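Enquirer: can't give you the sequence, but here's the structure:
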């Protein structure tokens, strides 16, 4: 949910950076979106296109890098891959997993001119 | 469109006054509408236009083709370069939340964010809590609803100061709204602040208000699998109040299963079975609040 507000936040970050860097056009945007962040990538692409119209990032290429979900299983005391929230540990089947990675939503870098 | 949740126009009212937006927020623009860049005078100033802030950007007096890395502009050669950002997308709300949290800490205010489905009994429970505290604890309530100030009116009738935030089309309170509300409320040091969020088991989970704890209220007239269906909220909470327990004799609700489901999502969750009408669990809830207020005061000194 809220992909539109996420896209708006991305544009704000872009515009702030563009102001500081004194560039006139943003050609590409790299986002880091975790597997467990709960973001619908296609919806985000659509919203990004909508919000960047007539902005400094109009027609910018959107690259989404998906970071993998990771967690610490409290029962088998090991780091495990987590593909979805609230899923069982792939090794021991326990639900007692502390998520350690894959929840991020970050603007990584821009290609500007 | 609301900057934070993206649904509908930002028609937020805080204590009846329009929400002016923040300094760094860009103006919401609709597709086809031009964004205007105006010259900035001195430091960034807040300008509201139809309730939305505009970002002022410096006007370029000259377009200088000689300032690129090569020192010269060759036709056809672009000045493209990479700019590292590494900025968290939800940073804005988190920054406001941190500001709120710092304020609460400095003034030893114990702040709670009450979340639930609509109709779980949050407001009734608050009214009962205020009555039970009977002036022994300085407190105030921030109410969040799309429309009306019915809940704030009920709180005031119970004898506590209340401020209503109407989010318009918004589906949750955010940290900036709470910060603005705090300026109008002027809470005493060592107070209890109860924030009754918009009835919604989805969105509030993702928006930190700066509170000490999220308290999820889950009533026995809902399904036992609620925690499994809305795990983010039950995961984000530190305390769960299983409300309306006086109705259990009339229902097929399996309270043990409901609590087990909650523990499955959040093993560390504290659970209190409560009823605003019978008084069951109220003593334990009040004691939990008292302990929290005590800790807030102790942390300050």
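Expert: Received the coordinates, thanks. None of these values were measured; they are calculated from a predicted model.
Enquirer: which helix runs longest in the chain?
Expert: All of this refers to chain A. helix A:3-21 (DSSP state H).
Enquirer: hm, I was asking about chain B
Expert: In chain B, assigned by DSSP H, the helix with the most residues is helix B:282-300.
Enquirer: in that helix, what's buried?
Expert: Buried residues in helix B:282-300, counted by 16 or more other Cβ atoms under 10 Å in any protein chain shown: B:282, B:285, B:288, B:289, B:292, B:293, B:296. Where you see a C-beta, it was placed from the backbone N, CA and C, and this is true even at glycine.
Enquirer: strands of the chain, residue ranges please.
Expert: In the absence of a named chain, this looks at chain A. Secondary structure of chain A (DSSP state E): strands located at A:26-34, A:61-67, A:70-73, A:78-81, A:97-101, A:105-112.
Enquirer: try chain B instead
Expert: Secondary structure of chain B (DSSP E): strands located at B:13-14, B:17-18, B:48-49, B:52-53, B:81-88, B:110-116, B:139-145, B:162-166, B:192-196, B:213-219, B:239-243, B:270-273.
Enquirer: would you single out the least confident of the ones you listed?
Expert: Note on the strands of chain B: strand B:48-49 shows the lowest mean pLDDT, a mean of 34.
Enquirer: just to revisit the earlier point, and the longest helix of chain B with strand B:192-196, angle?
Expert: 120 degrees (axes from the mean of the first three to the mean of the last three Cα atoms, to 10 degrees).
Enquirer: run through the neighbouring helices and strands of helix B:282-300.
Expert: Helices and strands touching helix B:282-300, by 3 or more Cβ pairs under 8 Å, 6 or more residues apart in numbering or on different chains; DSSP states H and E, are helix B:91-106, strand B:110-116, helix B:122-133, strand B:192-196, strand B:270-273.
Enquirer: chain center to the third one, what's the gap?
Expert: Taking the mean C-alpha point of helix B:122-133 and that of its whole chain, the gap between them comes to 20 Å (Cα atoms, centre = their mean, to the nearest Å).
Enquirer: roughly how far out does the longest helix of chain B sit from the chain middle?
Expert: That offset, for helix B:282-300, works out to 21 Å (Cα atoms, centre = their mean).
Enquirer: what's in contact with that helix?
Expert: With contact meaning Cβ atoms under 8 Å, 6 or more residues apart in numbering or on different chains, helix B:282-300 is reached by B:104-110, B:112, B:128-129, B:132-133, B:137, B:190, B:192, B:212-213, B:239, B:241, B:270, B:272, B:274-276.
Enquirer: please redo it, this time with the cut-off set to 7 Å
Expert: The contact list for helix B:282-300, computed with Cβ atoms under 7 Å, 6 or more residues apart in numbering or on different chains, reads B:105, B:108-110, B:128, B:132-133, B:137, B:190, B:192, B:212, B:239, B:241, B:272, B:274.
Enquirer: residues from the stretch 51-200 of chain B in reach of chain A?
Expert: Within the stretch 51-200 of chain B, the positions near chain A by Cβ under 7 Å from any Cβ of the partner chain are B:55, B:57, B:78-90, B:92.
Enquirer: counting neighbours, which of the residues you listed comes out on top?
Expert: With neighbours defined as other Cβ atoms under 10 Å in any protein chain shown, the most crowded of those is residue B:89; it has 23 neighbours.
Enquirer: look up how far residue A:48 lies from the residue nearest the centre of chain A.
Expert: When Cα atoms, centre = their mean is applied to chain A, the residue found nearest the centroid is residue A:33 (2.0 Å). Residue A:33 is 12 Å from residue A:48, where distance means Cβ to Cβ, to the nearest Å.
Enquirer: just to revisit the earlier point, bridging residues for the residue nearest to the centre of chain A?
Expert: residue A:66, residue A:105 (DSSP bridges).
Enquirer: so it makes contact with residue A:63?
Expert: No - using Cβ atoms under 7 Å, residue A:33 makes no contact with residue A:63, being 10.5 Å away.
Enquirer: in chain A, where is pLDDT below threshold?
Expert: A:1 (pLDDT under 70).
Enquirer: up against chain B, what does it have?
Expert: Within chain A, the residues that sit near chain B (Cβ under 7 Å from any Cβ) are A:1-2, A:4-6, A:8-13, A:15, A:17, A:19, A:21, A:27, A:50, A:53-55, A:85-86, A:95-96, A:105-113.
Enquirer: quick one on the thing from earlier: for the residue nearest to the centre of chain A, give its distance to residue B:97.
Expert: For residue A:33 relative to residue B:97 (Cβ to Cβ), the value is 21 Å.
Enquirer: over to residue B:291?
Expert: 23 Å.
Enquirer: again with residue B:292
Expert: 18 Å.
Enquirer: same check, this time on residue B:83
Expert: Relative to residue B:97, and taking Cβ to Cβ, residue B:83 is found at 27 Å.
Enquirer: ok, now which ones touch residue B:257?
Expert: Residue B:257 makes contacts with residue B:224, as judged by Cβ under 7 Å, 6+ apart.
Enquirer: need the per-residue pLDDT for it.
Expert: Confidence at residue B:257, expressed as pLDDT, is 97.
Enquirer: what about it, distance to residue B:171?
Expert: Applying Cβ to Cβ, the value for residue B:257 to residue B:171 is 29 Å.
Enquirer: helices and strands of chain B: which one has the lowest mean pLDDT?
Expert: Here the helix or strand of chain B ranked lowest by mean pLDDT, DSSP states H and E is strand B:48-49, holding a mean of 34.
Enquirer: ok so, going back, select only the buried ones of the contacts of helix B:282-300 in PyMOL?
Expert: To isolate the buried members of those in PyMOL, using 16+ other Cβ under 10 Å:
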select buried, chain B and resi 108+109+110+128+132+133+137+190+192+212+239+241+272+274
